[in-house]
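K.L.:
give me coordinates for this.
(4 chains)
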Number of protein chains: 4
Amino acid sequence: MSKDGIKKVVLAYSGGLDTSIIVKWLQDEYQCEVVTFTADIGQGEEVEPVRAKAEAAGIREIYIEDLKEEFVLDYVFPMFRANAIYEGEYLLGTSIARPLIAKRLIEIANETGADAISHGATGKGNDQVRFELGAYALRPDIKIIAPWREWDLNSREKLLAYAEANGISIEMKREGKKSPYSMDANLLHISYEGYDLEDPWNEPGNDMWRWTVSPEEAPNRTTYVEIGFENGDPVSIDGEKLSAAALLLKLNQLGGENGIGRADIVENRYVGMKSRGCYETPGGTILLKAHRAMESLTLDREAAHMKDELMPRYAKLVYNGYWFTPEREMLQAAIDHTQQVVNGVVRVKLYKGNVDIVGRRSNTNSLFDESIATFEDDAGAYNQQDAEGFIKLNALRLRVAASKSK
Amino acid sequence: MSKDGIKKVVLAYSGGLDTSIIVKWLQDEYQCEVVTFTADIGQGEEVEPVRAKAEAAGIREIYIEDLKEEFVLDYVFPMFRANAIYEGEYLLGTSIARPLIAKRLIEIANETGADAISHGATGKGNDQVRFELGAYALRPDIKIIAPWREWDLNSREKLLAYAEANGISIEMKREGKKSPYSMDANLLHISYEGYDLEDPWNEPGNDMWRWTVSPEEAPNRTTYVEIGFENGDPVSIDGEKLSAAALLLKLNQLGGENGIGRADIVENRYVGMKSRGCYETPGGTILLKAHRAMESLTLDREAAHMKDELMPRYAKLVYNGYWFTPEREMLQAAIDHTQQVVNGVVRVKLYKGNVDIVGRRSNTNSLFDESIATFEDDAGAYNQQDAEGFIKLNALRLRVAASKSK
Amino acid sequence: MSKDGIKKVVLAYSGGLDTSIIVKWLQDEYQCEVVTFTADIGQGEEVEPVRAKAEAAGIREIYIEDLKEEFVLDYVFPMFRANAIYEGEYLLGTSIARPLIAKRLIEIANETGADAISHGATGKGNDQVRFELGAYALRPDIKIIAPWREWDLNSREKLLAYAEANGISIEMKREGKKSPYSMDANLLHISYEGYDLEDPWNEPGNDMWRWTVSPEEAPNRTTYVEIGFENGDPVSIDGEKLSAAALLLKLNQLGGENGIGRADIVENRYVGMKSRGCYETPGGTILLKAHRAMESLTLDREAAHMKDELMPRYAKLVYNGYWFTPEREMLQAAIDHTQQVVNGVVRVKLYKGNVDIVGRRSNTNSLFDESIATFEDDAGAYNQQDAEGFIKLNALRLRVAASKSK
Amino acid sequence: MSKDGIKKVVLAYSGGLDTSIIVKWLQDEYQCEVVTFTADIGQGEEVEPVRAKAEAAGIREIYIEDLKEEFVLDYVFPMFRANAIYEGEYLLGTSIARPLIAKRLIEIANETGADAISHGATGKGNDQVRFELGAYALRPDIKIIAPWREWDLNSREKLLAYAEANGISIEMKREGKKSPYSMDANLLHISYEGYDLEDPWNEPGNDMWRWTVSPEEAPNRTTYVEIGFENGDPVSIDGEKLSAAALLLKLNQLGGENGIGRADIVENRYVGMKSRGCYETPGGTILLKAHRAMESLTLDREAAHMKDELMPRYAKLVYNGYWFTPEREMLQAAIDHTQQVVNGVVRVKLYKGNVDIVGRRSNTNSLFDESIATFEDDAGAYNQQDAEGFIKLNALRLRVAASKSK
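P.N.:
Residues are numbered from 1 along each chain as shown, chains lettered A, B, ... in the order given. Below you'll find the model as predicted:
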């Protein structure tokens, strides 16, 4: 008989060992039908082979989808309009993918008449929160099964024993990544946690990194690239218009081969602990810097400063999983309102880990006025005498206070 | 007769052509006595030779001071506790030196019985504001003479003509920097403005930069350095305790020879215009990253996030010249309150422009708890079931809203 | 001959003594044609009689307009969506009217081919800033004449002498308000400054106040009123739909007769000084409280809190005159985004100065869920066990810190 | 045998029916020794009679303490320095008392060798969070028993049956308050929840309120009171120095008899639901207004604005129970830093629910400068021409943008 009245569950399914075990465990434990959902969000692995595995596990409703364009266009780009960085370093590569998965899980549940969803995130991490907050926000009565919080398979040995006992090929463990790290990848980034990173004094070995060469290994030549922006979003590279996903892929390639975008940080998880994570975000690292440079030329000072002040809030909301919320949407409304003038081209120099902005121009929206800023005679564009009154009135409160405190 | 009743003025005097002209102009125009003040804040030029020039100009009260330790200890380090960056890129190298100069100008005015101060900053820039806000805050009745806002010597030709007519050696123009850029330097940074930077699409030539080699020219080897922190301030390098100024000098040298700390930005001046600036902040660039890493291990999450949210306000205050103000001081009180736990060592890898954090440890204040964060069995340190309630209650408002909006 | 090349100037003209003198002074001093602009924004005086005065002063282009609906709809209501209060007390009655006047001055200048505008605000106050920032933002090349900053008529005696010498009837001074206070009124409020208010220890006499009876004088009965909201704006009173201006007028009447909306404050002007002001904002005081109550029922918690945190910034922008700016508009975009759910009815009790909320309901958007909030058995709507995990994970960082600091 | 290894538990004990049942339930369910802790924090009931009840229940370690001065001095006053209001209306009367109780529970646990604490707050409310976050922050290994989240006595009937079955006098239910509302009181306020308040459209009857007369019932005369402040805290009334608790008590009496301090709101609980609450905070309502007025005269503009912007964060922290946290403490450090100048006297007029500020003065710290603010000739204290430069430079970015967007 079904448990908790659950009859059908949609599972975020990678086809790997863990989610294969979850399929079996859900079928056994909940006696319910399992629908699998596998998405290509640019993690760099073929998703179609997953179909055969799902079929072999007795799944009748199998969803395999390419969500790369939607991921970049509706999630990554809006986030980059905010210049979002969590805790000064983390570009939110994992965080930003979770709401999209949550949304598709719920949509598929609605389509297939499922009453529950399930995922393979553990009870210690942020991802469970991101999946579940997203799901609850979109369908408040959804039931959620988080096997890692429920079962007693809390060690590698127990997992493998369960797999073996249930005829799940543990070969799949040996395929693929062959990494001792816990990893997550999508078109924006790849992350590493666990293993020797658990001591924050350890420097990870160079063989951990998968997407970028090290600066030392990167070619000893500079690469110049021009990124075109429209309404705050990148739209072209070296004059060539590209789709959202194609553009990010191209930036990843450029960044990766030039040793760009590695980060090694200790971060604060929403569930309350500090954890060490290493990230490669080659394209995102270039994009963030280029976007800021485009804004520096076209955005009003006070709007830019307001964005800078709101940014940490925005980044925290994304990190914590509050994408589908009124507060993220109201910040997004403010941010997007500023981006209509963020148009033009930024020229970037890439070299062995360095991303240097070397030029920016905007035919339509530059607020840089050479005739005012010049060190030479400005022909009256700016009246230096104005500065005296400006300073005097800005100082007035300070002068009054100083004279009163004597 | 004296003008505006001014009898004695203290001038921030570099000994260069511009301030030499100002000495003469003040003597002529205001018929007042001039006191010169020249400070060594690490700009990399000898200050003692200035004495002879001042004497030759008839100055009787000549102040020449080494303020490097005070500069770093009381201005640079407090600012780095805040992780201050203006507009995402600028480390505030010029901004942070101005309040100290303003303070000494006022103190010397008080000592010498002067009723005015003067400086060589133009009417278009931020520095006039920083000098004058500082001065007014410390002595509300001070008179301020800003020659560039007053005189009609608004072109290079007129200046040179004035110099020649008044026997001021224009040779000094040809000594020294020989740079077409407008520059400013102190122990934290050197800046470049004007000339071919006035077109924000131009990439500056490599010969503009003075303190750093380019990443391309930097040696093809990695350098590891360990920076020790106490109460949020750096105190040692590779285990060796150093004074504040000596430590920053050492970081500048390490950064400079490894191609670290160049920035090329379009920034928003307080007086209302956008301007292009290039900066070299080799030591500061390393320090900022190391300080953040030290905090990542030792600082509470919410305190860190609050600091991140307040930082842009703090940076703007410093940039705009509001150092000696109640609002900067109240932010500093908040920031400093958090730093007592920021103790430990950060290990940094330097290579061709890259500053990579590769390790951080704190014997006394680490909040990193391996037993909780581990991907392996944690022996009950963390109860994964807690996450369900955590998520459920955080989702409650979203679920209620979703169910009501159906 | 014309001065500063000005040929035609549009003057914000009230028809009172001061602006009548300004007309003459502009004609004499600038030898230019004067266009007058007089707006009814609910100040409570007829504007049509102004026409004859303007004609008598030789004005050929006379603009007299009823802007009450535009004022309330496009300025007052958007501001109340933000729950804006300056410095905890001031409802921004004067501030919010200035941008509209500035906008019409510029539009009329464009229509009439004028190259300048002029206003009667002094050089000490906020209004000059509000007028001029608005004007510059809408037409960057506009010339602005601020007579109070230019002329030497800096005392009452000189003004009257000038009037008499130029045949301007000083009778008008004796008509009308006959108040020793400097006053400003529009549909949102009336303000008082100067005279015996210049000592912040003085309590103003009851005869100063013009729009409200004192609580003591108010009738000894309660009045209940129901205010209907749509998308955050009030649209009806006691079920009757009213235009924006009519609704505010009605609330003013209700508030005024019940002794509601007086404020007596010391405020910080943008130009740097503290000043004492007294304000009557009867309708606005009711509206602010009612709007907050409507939001309390319909707005998401975090959106509401974000609004509360942004509010002081928004209020400061309005106070300082930054209405037509990217930063005000981006905040407005965020605020407006939240208001689509602020629909329903608030029931308010008025009594001798008190505005008490006694009921709020929303058929379509209430987020109040009695079944969850109840103190009685909730039939499983809320699982109290969830609270344990919620608390445990929120406490985790504090527990780790406490255990490490032992 | 003991449960969860708990041997001794300190219970926050009021002596009422609920906590009397908890004593018995703890003894039975956990087989552990119970220590009771009862505090007088100004709730208006004698605490000494509780001793006999505790003894009768077999308690051997009974703590009964008068914490009124500590409560006001170390919790209420620091909070009022922040001008804290939650969601625009709630003065945080319940919230601010919880950390003190938590602190004493932990201290008593440490003194008595107890390994657990317990409280009578339900699983739906904020108080459980406040108690427990405080306790965990002060002693990370403390065990917490929250009976309402554990037992099945989830209805009034079951509770009474349990009491009767265990010989607990249910008479105590009929003594005392005899109110259908859930109430909480301390020296700062009394609160009401539940019963007919569960419909937010219902107006509560006048007999619900206990501490204040209604404005209608209040005497028909004005009362003037002068409150003296030192370093931001009130220290005297009408010139008479009073202890912290005595002062608040006096303000409560003055407010209560003048119908001041009632609030009726829908608020957002930290656990995710909206709830209706009514509050009487007579003294606090007067104090908040007086403190703001004292600040208006003595506090720098930008410090005041920064306080206003930080206030909602501070209030939210207090409301949510984060008193003993780095983030509250860092905000407190910033706030307290500003208060050294908040010295002087505020004159307040009380009348039938109204609290009107009618005067404020500070001999030592007033920043109000009549000679600058005056509408009359200021003898050069302020140069009106300064305003032009001030406006021009503040407008520069807007003008550049406007000219570029043409």
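K.L.:
okay, now A:I6: neighbour count?
P.N.:
19 (other C-beta atoms under 10 Å in any protein chain shown). The C-beta positions use only the backbone N, C-alpha and C, and glycine is treated the same way.
K.L.:
which bits of chain A sit near chain D?
P.N.:
Residues of chain A that fall close to chain D, judged by C-beta under 8 Å from any C-beta of the partner chain: A:300-302, A:365-367, A:369, A:372, A:382-383, A:385-390, A:392-394, A:396-398, A:400-401, A:404.
K.L.:
buried ones among those residues?
P.N.:
Of the members of the residues of chain A next to chain D, the ones counted as buried by neighbours, 16 or more other C-beta atoms under 10 Å in any protein chain shown, are A:300-302, A:365-367, A:369, A:372, A:382, A:385-390, A:392-394, A:396-398, A:400-401, A:404.
K.L.:
returning to that earlier point: the residues of chain A next to chain D in helices, which ones?
P.N.:
In this view, the residues of chain A next to chain D that belong to helices under DSSP state H are A:301-302, A:372, A:386-390, A:392-394, A:396-398, A:400-401, A:404.
K.L.:
quick revisit: ok, and of the buried ones among the residues of chain A next to chain D, which contact chain C?
P.N.:
Under the cut-off given by C-beta under 8 Å from any C-beta, chain C has A:300, A:302, A:393-394, A:396-397, A:400 from those close to it.
K.L.:
could you list the low-pLDDT ranges of the stretch 151-300 of chain A?
P.N.:
Across the stretch 151-300 of chain A, residues meeting the criterion (pLDDT under 70) sit at A:171-177.
K.L.:
now the stretch 301-406 of chain A
P.N.:
Within the stretch 301-406 of chain A, the stretches falling below the threshold (pLDDT under 70) are A:375-377, A:406.
K.L.:
which residues in it form strands?
P.N.:
With DSSP state E, counting those that start in this stretch applied, the stretch 301-406 of chain A shows strands at A:344-351, A:354-361, listed in chain order.
K.L.:
mind giving me TSV with those strands and columns for distance to chain C and mean neighbour count?
P.N.:
Formatted as TSV, the entries for the strands of the stretch 301-406 of chain A read as follows, by distance: least, C-beta to the nearest C-beta, whole Å; neighbours: other C-beta atoms under 10 Å in any protein chain shown:
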stretch	distance to chain C	mean neighbour count
strand A:344-351	17	23
strand A:354-361	19	21
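K.L.:
format those as CSV; extra columns: distance to C:D336.
P.N.:
Below are those laid out as CSV (distance: least, C-beta to C-beta, whole Å):
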stretch, distance to C:D336
strand A:344-351, 28
strand A:354-361, 31
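K.L.:
list the contacts of A:K24.
P.N.:
The neighbourhood of A:K24, defined by C-beta atoms under 8 Å, 6 or more residues apart in numbering or on different chains, consists of A:57, A:162, A:166, A:168.
K.L.:
pretty sure the last one contacts A:T19?
P.N.:
In other words, A:I168. No - using C-beta atoms under 8 Å as the test, A:I168 is too far from A:T19 to be in contact (10.5 Å).
K.L.:
which parts of the stretch 151-300 of chain A are strands?
P.N.:
Counting by DSSP E, counting those that start in this stretch, the stretch 151-300 of chain A has strands at residues A:182-185, A:190-193, A:223-230, A:233-237, A:240-241, A:262-268, A:274-280.
K.L.:
would stretch A:284-299 count as contacting chain B?
P.N.:
Yes - in terms of C-beta under 8 Å from any C-beta, part of stretch A:284-299 sits within range of chain B, namely A:292-293, A:296-297.
K.L.:
okay, and which of those map to helices?
P.N.:
The subset of those that ends up in helices is A:292-293, A:296-297, with DSSP H as the criterion.
K.L.:
scan those and report the most crowded one.
P.N.:
Each of these was scored for neighbours by other C-beta under 10 Å, and A:A293 scores highest at 27 neighbours.
K.L.:
what residues are up against the residue lying closest to A:G272 once chain neighbours are set aside?
P.N.:
The shortest distance from A:G272 to any residue that is not its chain neighbour, by C-beta to C-beta, 6 or more residues apart in numbering or on different chains, is 2.8 Å, and that residue is C:L396. Taking C-beta under 8 Å, 6+ apart as the criterion, C:L396 is in contact with A:271-273, B:372, B:382.
K.L.:
let's see 10 Å
P.N.:
Listed by C-beta atoms under 10 Å, 6 or more residues apart in numbering or on different chains, the contact set of C:L396 reads A:269, A:271-273, B:301, B:369, B:372, B:382, B:386, B:390, D:136, D:140.
K.L.:
out of everything not next to it in sequence, what's closest to the spatially most central residue of chain A?
P.N.:
In chain A, the C-alpha nearest the mean C-alpha coordinate belongs to A:G93, at 2.5 Å (C-alpha atoms, centre = their mean). For A:G93, the nearest residue in space outside its immediate sequence neighbours is A:H189; the separation is 2.7 Å by C-beta to C-beta, 6+ apart.
K.L.:
list phi and psi for that neighbour.
P.N.:
A:H189 has phi and psi values of phi -170, psi 170 when expressed as degrees, to the nearest 10.
K.L.:
what's the neighbour count on it?
P.N.:
Close neighbours of A:H189, defined as other C-beta under 10 Å, add up to 28.
K.L.:
next: A:I96.
P.N.:
Other residues within reach of A:I96, judged by other C-beta under 10 Å, total 26.
K.L.:
wait, doesn't it sit right on A:A102?
P.N.:
No - the pair A:I96 and A:A102 fails to qualify as a contact (C-beta atoms under 10 Å) at a distance of 11.8 Å.
K.L.:
quickly list what's touching both of these two.
P.N.:
Between them, A:I96 and A:A102 share the contacting residues A:130, A:323, judged by C-beta under 10 Å, 6+ apart.
K.L.:
tell me what the residue nearest to A:G277 when sequence neighbours are not counted is bridged to.
P.N.:
Nearest residue to A:G277 in three dimensions, chain neighbours excluded: A:E193, at 5.3 Å (C-beta to C-beta, 6+ apart). Counting by DSSP bridges, A:E193 is bridged to A:S182.
K.L.:
so who does A:E193 touch?
P.N.:
A:94, A:125, A:181-184, A:267, A:275-279, B:373, B:375.
K.L.:
just the buried ones from the residues you listed, in PyMOL syntax?
P.N.:
Typed into PyMOL, the next command selects the buried ones out of the contacts of A:E193 (criterion: 16+ other C-beta under 10 Å):
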select buried, (chain A and resi 94+125+181+183+184+267+275+276+277+278+279) or (chain B and resi 373+375)
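K.L.:
reformat the contacts of A:E193 as TSV; add distance to A:L11.
P.N.:
Conversion of the contacts of A:E193 to TSV gives the following (distance: C-beta to C-beta, whole Å):
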residue	distance to A:L11
A:T94	19
A:G125	18
A:Y181	24
A:S182	19
A:M183	20
A:D184	17
A:E267	28
A:S275	25
A:R276	29
A:G277	25
A:C278	28
A:Y279	27
B:A373	26
B:F375	21
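K.L.:
nearest to B:T112 among the ones in helices among the residues of stretch A:284-299 next to chain B?
P.N.:
Within those, proximity to B:T112 (C-beta to C-beta) peaks at A:S296, which comes in at 43.1 Å.
K.L.:
so who does that closest one touch?
P.N.:
A:304, A:346, A:357, A:360, A:367-368, B:87-89, B:200, B:265-268, B:274, B:276.
K.L.:
between those, which is nearest D:L248?
P.N.:
A:A304 (45.6 Å).
K.L.:
what residues does that closest one make contact with?
P.N.:
For A:A304, the set of contacting residues under the criterion of C-beta under 10 Å, 6+ apart consists of A:83, A:292, A:295-296, A:298, A:338, B:87-88, B:267-268, B:312, C:326-327.
K.L.:
and for A:G42?
P.N.:
When contacts are counted by C-beta under 10 Å, 6+ apart, A:G42 is found next to A:66-69, A:71-72, A:76, A:97, A:185-190, A:245, A:248-249, A:252.
K.L.:
among these, which are located in helices?
P.N.:
Taking DSSP H, the ones among these that sit in helices are A:68-69, A:71, A:245, A:248-249, A:252.
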